[in-house]
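Undergrad: Predicted coordinates and the sequence they were generated for:
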Amino acid sequence: MPYSHHSHSGQFCKHALGTLEDVVLEAIKQGFEVYGLTEHVPRYRDVDFYPEEKDLHVSTLVEQFDAFIAEAHRLKACYASQITLLVGLETEYITELDLKMLDDLLERYGEKVEFMVGSVHHVDSTPIDFDQATFQKCLESFPSKSHSNADNPEAQTHEQMNTLLCTYFDSQYTVLARFHPEVIGHIDLCRLYNPSLRFSDYPEVWEKLERNIITGVEYGALFELNAAALRKGWEGSYPGEDVIKLIQKHGGRFALSDDSHGPHAVGLNYDRMASYLRKVGIDEVWYLKRTDSGPVNAAARRMAAVKVDGNWWEHHFWKGRQSTVA
């Protein structure tokens, strides 16, 4: 079952390209059967706007998200005979204001928001996936607590990284525990610019990561296998192999996403991701399906996780994308 649970478009995200309909048409062309539309929720402080948004206002982002929900549902109905579109959103957690406003947004839209991708892109109000310089600025903003590290730059950096990672995973835990997102987005985004970093080198961080994984497993989340890491220089997708093994240890379930930012990135590197997943032993993948009856999920939405029948890599979708998917 070819699918993605996480995507963006230039129509509703200033660092993406193309219209939402362009994205949908490309997904249909490539043979996707289930495709999630998940634009970012608004940010509610001017200080949190990205450079390409400098001429916008908070009200603009709110109106833009309103327009996204309307257009996504129009496309869902228009192309229902060709593809199953799921209308969702991707979370932000910069300050407590974002969480309060997300509560309000979910109440306002009700069942029009069919699922959520639970993501964190900021640490201490600084974006950690914008560019390496901004990430480094965030890292250096954390003071060293140990005076003995003053003359040991390596030890000081290790301590600062420990604080950054702990803060990231604490924020992630808040999103998971409060909102129960159906999909946990790029769980290890915090090491985007340090892909060789191993969380096990930071015992406190590893403990928090494991707590988050257990939380997600307990309420029934799917853990996103996100191909975007490959276009950002990683050898595999998010998450790294160490995190995959930890998720597997606790019985976690995985779902695929391309995290596309326009039609040009729909299905991008899915061949390489599939090879990576086979290499690290992902034998089962899951997808979300709307349910019109029966029990609701942990977030009180009618969205259920369904396991792909048989060997997922044998689906005809993969044929011709790369011969090494076997």
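TA: Arrived safely. Numbers count the residues shown, from 1 in each chain.

Undergrad: Quick one: mean pLDDT for the longest strand seen in the chain?
TA: The single longest strand within the chain, with elements called by DSSP state E, is strand 84-90. Averaging pLDDT along strand 84-90 yields 98.

Undergrad: That strand: which residues count as buried?
TA: Thr84, Leu85, Leu86, Val87, Gly88, Leu89, Glu90 (16 or more other C-beta atoms under 10 Å). (C-beta placed from N, C-alpha, C; glycine too.)

Undergrad: quick one, what contacts the first one?
TA: If you count contacts by C-beta atoms under 8 Å, 6 or more residues apart in numbering, Thr84 has them with Glu33, Val34, Tyr35, Arg290.

Undergrad: Let's have the residues you listed in JSON lines, adding secondary structure.
TA: As requested, those are exported to JSON lines (DSSP: H, G, I helix; E, B strand; the rest coil):
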{"residue": "Glu33", "secondary structure": "coil"}
{"residue": "Val34", "secondary structure": "strand"}
{"residue": "Tyr35", "secondary structure": "strand"}
{"residue": "Arg290", "secondary structure": "strand"}
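
Undergrad: who's in contact with stretch 122-130?
TA: Under the contact criterion C-beta under 8 Å, 6+ apart, stretch 122-130 has outside partners 47-48, 50, 92-95, 121, 134-135, 137-138, 141-142, 164, 167-168, 171, 189-190, 192.

Undergrad: Hmm, Pro42 and Leu61 touching each other?
TA: Yes: counting by C-beta atoms under 8 Å, Leu61 touches Pro42, with 3.9 Å between them.

Undergrad: Give me the angle between the helix or strand harbouring Phe65 and strand 84-90.
TA: Following DSSP states H and E, one finds Phe65 within helix 58-78. Orientation note: helix 58-78 sits at an angle of 160 degrees relative to strand 84-90 (axes from the mean of the first three to the mean of the last three C-alpha atoms, to 10 degrees).

Undergrad: which residues touch helix 58-78?
TA: Helix 58-78 is touched from outside by 11-12, 20-21, 24, 37, 39, 41-46, 53, 85, 87, 89, 105, 109, 112-113, with contacts defined as C-beta under 8 Å, 6+ apart.

Undergrad: returning to that earlier point: now, among the buried residues of strand 84-90, which is nearest to Met303?
TA: Nearest to Met303, judged by C-beta to C-beta, of the buried residues of strand 84-90 is Leu86 at 7.7 Å.

Undergrad: Bridge partners for that closest one, pull those for me.
TA: Beta bridges link Leu86 to Gly36 when assigned by DSSP bridges.

Undergrad: ok, it to Tyr287 distance?
TA: With the distance defined as C-beta to C-beta, to the nearest Å, Leu86 ends up 9 Å from Tyr287.

Undergrad: Touching both of those two, which residues are there?
TA: Shared contacts of Leu86 and Tyr287, defined by C-beta under 8 Å, 6+ apart, are found at His5, Val34.

Undergrad: Quick check: buried residues in the helix or strand where Leu209 lies?
TA: Using DSSP H and E, the element containing Leu209 is helix 203-219. Counting neighbours by 16+ other C-beta under 10 Å, one finds that the buried residues in helix 203-219 are Val205, Trp206, Lys208, Leu209, Glu210, Arg211, Asn212, Ile213, Thr215, Gly216, Val217.
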